[in-house]
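Q: need a 3D model of the sequence below.
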Amino acid sequence: MDKVTPKDVFQANRERAGPLLKQLRADGIGHMIDGRVVASISGDSFETRSPIDGAVLATVARGKVEDIDRAATAAALAFKGWRDMPAAMRKKLLHRVADAIEDRADDIAVLECIDTGQAHRFMAKAAIRAAENFRFFADRCAEARDGLNTPGDEHWNISTRMPIGPVGVITPWNTPFMLSTWKIAPALAAGCTVVHKPAEWSPVTADLLAKLVKQAGVPDGVLSTVHGIGEEAGKALTEHPAIKAIGFVGESATGSAIMAQGAPTLKRVHFELGGKNPVIVFDDADLDRALDAVVFMIYSLNGERCTSSSRLLVQHGIADKFIEKLTARVKALKVGHPLDPSTEIGPLIHERHLAKVCSYFDVARNDGAIIAVGGKPHDGPGGGHYVQPTLVTGAHAKMRIAQEEVFGPFLTVIPFRDEDEAIEIANGVQYGLTGYVWTGDMGRALRVADALEAGMIWLNSENVRHLPTPFGGMKSSGIGRDGGDYSFDFYMETKHVSLARGTHRIQKLGSTSS
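A: Residues are numbered from 1 along each chain as shown. Got it, this is the predicted structure:
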């Protein structure tokens, strides 16, 4: 049997994409509200284009206040039935969603590549991870309401959890399908109904997710999806009085705006926001493994990931040698068509984002840093939003390129002298999402992990997610935690019930008896 080559896979991906795109262009993308695909009440729409070549993928319904109101009303009406459904039935339905995702995993991966520019090698895994998200939380439906037993001398005290009600979920454009399931699955498992507002730059797979959820038999109104612009549909969702909480993934500035918009209705918020994450490499580290992790955590997913290690802090004694090897690796990265399985970096999501990333090339030069690799747009196939993977050296901690989130394949290298300076540099930004530490001294690894102002730390590892663990950041990187039981803490209210033993003395006010 002939060996399957990357060229064969590339061609197969193209062939799979053909009919999917034809149907997408013919059908367009409407809202899924109360189980029906509908246009915007206003009739307004917008076009979504592929970052590969600028081709129009679909006409998308542009949701406004009245569309969000329809979806929120449907979520409110569906809430009681979904909340009161036996946990075993909710579990069964959510496993059906996972089955539906797995059945369409190849289609999801191809569509995600074309819609976002992410390389197929990553999106194929992201589609499977999305199904795992639903299975993980489906299996926890029965325990979502679990609480504590805290008996006292005169009372038996118990706590339980109740779903908070209809919630809004606003998701980003980087790996949108997987991140949508990461938010929506625990909300549904908790017994909440959901109104989903996907990012306007990547609406394609959100449309498919809504249809798969309906196909799985989830009742109408439990998940509604409204497409549109953040300042219109997103703002309407954060302000709607029927929506009790907002889960959001995106920029820190947008998170601040959502807090202000939700304040009049006392919205509970959960934010996963930006990051300027350090990876610290000490001179006693396994440098080969550290190098692999450094390259992976900034150049995978086009650098468009909140947990990317965009600052490399490397100890002085090994800096020159490490940077030399790093430079060679960055120069060897393959930029190309995202459906090509050999591609490591695809086009950036949108022309506006490309312009933002490219603007930091001049920022680096003006700061006095050295662009060792890249620093230019890339002439990729199709004339899309391609950029060269970029490595910047000669930097110090106060430069803008060491302080601001670029959100692209852009790595800034900063040498440090000792442990104390590494911690000072790592913590000297407004963000606090993740940190990565490479050292052979586990005592030092634990000291640094304890000192870093970040919500998640990996020691001698890249970002490897374990679903039960907490995911979230400090400072400007977010509020709250996702993952396992932490997700239920957000989507549910805790209720305390106290049962008297009938033995305690009650004061007799207004009585003559003592």
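
Q: can you tell me the element Phe407 falls in?
A: Using DSSP states H and E, Phe407 is not contained in any helix or strand.

Q: which ones are touching the closest residue to it other than its chain neighbours?
A: Counting by CB to CB, 6 or more residues apart in numbering, Glu304 is the residue found nearest to Phe407 once chain neighbours are left out, at 5.7 Å. (C-beta placed from N, C-alpha, C; glycine too.) Applying CB atoms under 8 Å, 6 or more residues apart in numbering, one finds that Glu304 lies in contact with Gln118, Asn174, Leu348, Ile349, His353, Phe407, Gly408.

Q: wait, doesn't the last one sit right on Gly303?
A: Yes - Gly408 sits in contact with Gly303 when judged by CB atoms under 8 Å, with a separation of 4.4 Å.

Q: now the stretch 101-250 of the chain, which segments are flagged as low pLDDT?
A: Under the criterion pLDDT under 70, no range of the stretch 101-250 of the chain is flagged.

Q: tell me where it has strands.
A: Secondary structure of the stretch 101-250 of the chain (DSSP state E, counting those that start in this stretch): strands located at 155-163, 167-170, 194-197, 223-225, 245-249.

Q: which one of these lies nearest to Ala364?
A: Among these, strand 245-249 comes nearest to Ala364, with 27.4 Å by CB to CB.

Q: next one: that closest one to chain centre, how far?
A: 11 Å (CA atoms, centre = their mean, to the nearest Å).

Q: can you check stretch 61-79 too?
A: Distance, centroid of stretch 61-79 to centroid of chain: 23 Å (CA atoms, centre = their mean).

Q: same check, this time on stretch 483-497
A: Distance, centroid of stretch 483-497 to centroid of chain: 20 Å (CA atoms, centre = their mean).

Q: what's the answer for stretch 128-139, then?
A: Relative to its parent chain, stretch 128-139 has a centroid offset of 15 Å by CA atoms, centre = their mean.

Q: pull out the buried positions in that stretch.
A: Across stretch 128-139, burial judged by 16 or more other CB atoms under 10 Å covers Arg129, Ala130, Ala131, Glu132, Asn133, Phe134, Arg135, Phe136, Phe137, Ala138.

Q: residues contacting Arg36?
A: Residues in contact with Arg36 (CB under 8 Å, 6+ apart) are Asp220.

Q: and the one 4 residues further on, by the same measure?
A: With contact set as CB under 8 Å, 6+ apart, Ser40 has these partners: His31, Ala61, Arg62, Gly63, Lys64, Asp67, Gly228.

Q: by neighbour count, which of these wins?
A: Gly63 (31 neighbours; other CB atoms under 10 Å).

Q: excluding residues flanking it in the chain, which one is nearest that residue?
A: Nearest residue to Gly63, sequence neighbours excluded (CB to CB, 6+ apart): Gly228, at 3.4 Å.

Q: equivalent analysis for Arg145, please.
A: Leaving aside its sequence neighbours, Arg145 sits nearest to Arg161 (CB to CB, 6+ apart; 5.0 Å).

Q: could you check stretch 327-342 and say which residues are buried?
A: Neighbour-count burial for stretch 327-342 flags Arg329, Val330, Leu333, Val335, Gly336, His337, Pro338, Leu339, Asp340, Pro341 (criterion: 16+ other CB under 10 Å).

Q: just to revisit the earlier point, which one of the buried residues of stretch 128-139 is nearest to Val204?
A: Distance to Val204 across those (CB to CB) is lowest for Ala130, with 14.1 Å.

Q: next up, the contacts around the closest one.
A: With contacts defined as CB under 8 Å, 6+ apart, the neighbours of Ala130 are Ile101, Ile108, Phe177, Met178, Ser180, Thr181, Trp182.

Q: coming back round to it: quick check: the residue nearest to Gly63 touching Ala199?
A: No - with contact defined as CB under 8 Å, Gly228 does not reach Ala199; the gap is 10.2 Å.

Q: gap between Pro219 and Asp34?
A: Shown here: Pro219 relative to Asp34, a distance of 10 Å by CB to CB, to the nearest Å.

Q: all set now, cheers.
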